[in-house]
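In: Build me a structure from this.
(one chain, ligands or ions: 1)
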Amino acid sequence: MSTTRQKLIVVLGAGVHGLHAALALLEAGYAVTILSKHLPGDSNPNYCSPWSVTNWASDVSVVDPETQQWYLDAYKYWADLSTDGDDTNGAGVSRRTYISYCEEANPSLLAAGASAFWYSDAVLSFKILPQESLPPGVKFGYSFGSFCLNSPKYLSYIQTRILALSGTIIRTALPTGQNLASVLQTARKTLQSNGLRDDVFAFVNATGLGARELVGDETMFPIRSHAIFLKGEAKGMSDRLEAGLSNMVAMGGALPISYVSPRVGEGISFLGGYMEEGVWSTDPSPVIVERLLDRAKLLAPELLDANGNFEVVSVGLGLRPHRASGVRVEIERVQGKDGEEVAVVHDYGHGHGGFIKAIGSAKKVVELVDKLGNE
Ligand SMILES: Cc1cc2nc3c(=O)[nH]c(=O)nc-3n(C[C@H](O)[C@H](O)[C@H](O)COP(=O)(O)OP(=O)(O)OC[C@H]3O[C@@H](n4cnc5c(N)ncnc54)[C@H](O)[C@@H]3O)c2cc1C
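Out: As a prediction, the model looks like this:
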């Protein structure tokens, strides 16, 4: 009986995009090896995925049908993983109500109500909050049934599924300051030096911010966000969008939003917000930390101590890998030094909502790899 050898795909990067792409490729019948500088369990501001608060939430700016479909893919995927409610299968996915408060609401939003939100019919129990239930200073609010993820736990869970399907994971830092052809050649040598097969059918590039140097994509930049961990678990997920651009200017251009979400089962909550575009520094800003601690009082009063303060457990930072020219999920053919053409499927630049988009974009990666096989 003859057997066909599975085609080998090498995935660069082990953030949520590399891991989901690897899992989807294994499930589609490919052999997969991941090469990555950081792996689940690591903590580094440049390794964005573990820093994600990971709430399923969307804003009105998610308008193109493909991205909307990716959001819906994640909603269904996490609903299936959390059928029993709280994290019962070790995936780190729990169901909670999401509440969003806006300190400003234009008349057209007030008039449109639920119809202003593209996903209001697709999620559970979407409601516009009655005016009389809104906290002081809030002009508009809504809530719906959603999911909150314990991101580090979720990444480990996906990694476990990859290993169970015989995927291989190697820690390695690929060289920067070279062209993509040289990077791919180094990747191939890494396979050889680890005694692995090197007959690569295609590469998947899911290196997040690393793509700026690995691919020479200068449209990549960070959107920096603080991650403050507070003692106690908030009841649900919530956010607060401040009024007017004046606050944005006062905070050095940072998007004036704050949000709180429980890390279910860990006795802590995640407080984040004030997204800063193009800021590479990994030193926390005391001004932003103070401001977030103040804004969060309205969002999670149940976490305040007898003196009306939060107990801060730790403060960290994550850099979202954003691409000015939009998400890049497409095939590139790279001419190797030996004249051989190598196919690379890019999957990077997801910035905001990058965790949510990983399931849908992984499906697209598989479609693109399948397409290469049919050419
Ligand atoms: C505070 C915060 C809150 C967030 N909240 C949400 C949320 O609620 N919902 C949501 O959907 N998204 C959220 N995000 C955004 C989301 O976390 C990111 O969009 C997503 O994690 C990006 O994943 P990625 O796999 O593309 O990149 P990363 O997780 O950064 O992974 C990149 C991978 O490439 C590897 N790599 C890079 N360079 C090299 C190299 N030279 N050699 C080898 N390997 C390399 C890295 O080691 C890493 O494994 C949040 C982000 C932050 C910071």
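In: got the residues of the stretch 51-200 of the chain near the ligand?
Out: Selection of the stretch 51-200 of the chain residues close to the ligand by CB under 6 Å from any ligand atom yields 51-55, 173-174, 176. C-beta here means a position set from N, CA and C on the backbone, and glycine is covered the same way.
In: can you tell me which two in the residues you listed are farthest apart?
Out: Pairwise distances across these peak at 32.4 Å for 55 and 176 (criterion: CB to CB).
In: who has more neighbours, those two?
Out: Applying other CB atoms under 10 Å to residue 55 and residue 176 shows that residue 55 carries more neighbours, namely 23 against 11.
In: any idea of the pLDDT on the more buried one?
Out: pLDDT, residue 55: 92.
In: now swap in residue 373 and tell me
Out: Listed pLDDT for residue 373 reads 82.
In: ditto for residue 246
Out: If you check residue 246, the pLDDT there is 47.
In: Provide the secondary structure category for residue 186.
Out: Secondary structure state of residue 186, per DSSP: H, G, I helix; E, B strand; the rest coil, is helix.
In: Distance from the chain centre to stretch 301-311, please.
Out: Centroid displacement of stretch 301-311 relative to its chain, using CA atoms, centre = their mean, to the nearest Å, is 29 Å.
In: got the end-to-end distance for it?
Out: For stretch 301-311, the first-to-last residue distance is 12 Å (CA to CA, to the nearest Å).
In: Buried residues, that stretch. List them.
Out: 303, 310 (16 or more other CB atoms under 10 Å).
In: How about residues contacting that stretch?
Out: The contact list for stretch 301-311 (CB atoms under 8 Å, 6 or more residues apart in numbering) reads 230-232, 234-235, 260, 269, 271, 293, 296-297.
In: And the average pLDDT for it is what?
Out: For stretch 301-311, mean pLDDT is 97.
In: Residue 263 touches residue 237, doesn't it?
Out: No - with contact defined as CB atoms under 8 Å, residue 263 does not count as touching residue 237 (11.2 Å).
In: Which of these two has more residues huddled nearby?
Out: For residue 263 and residue 237, the more surrounded residue by other CB under 10 Å is residue 237, and the numbers stand at 28 against 23.
In: Wait, the more buried one touches residue 94, no?
Out: No - in terms of CB under 8 Å, residue 237 does not count as a neighbour of residue 94; the distance is 9.9 Å.
In: Mutual contacts of these two, please.
Out: Common contacts of residue 237 and residue 94 (CB under 8 Å, 6+ apart): 148, 262.
In: what's the burial count for residue 70?
Out: Applying other CB under 10 Å, we find 25 residues neighbouring residue 70.
In: So which residues of the stretch 1-150 of the chain form strands?
Out: Counting by DSSP state E, counting those that start in this stretch, the segments of the stretch 1-150 of the chain that form strands are 8-12, 31-36, 93-102, 124-128, 140-149.
In: Now do the fourth one: which elements does it pack against?
Out: Counting contacts by 3 or more CB pairs under 8 Å, 6 or more residues apart in numbering; DSSP states H and E, strand 124-128 packs against strand 140-149.
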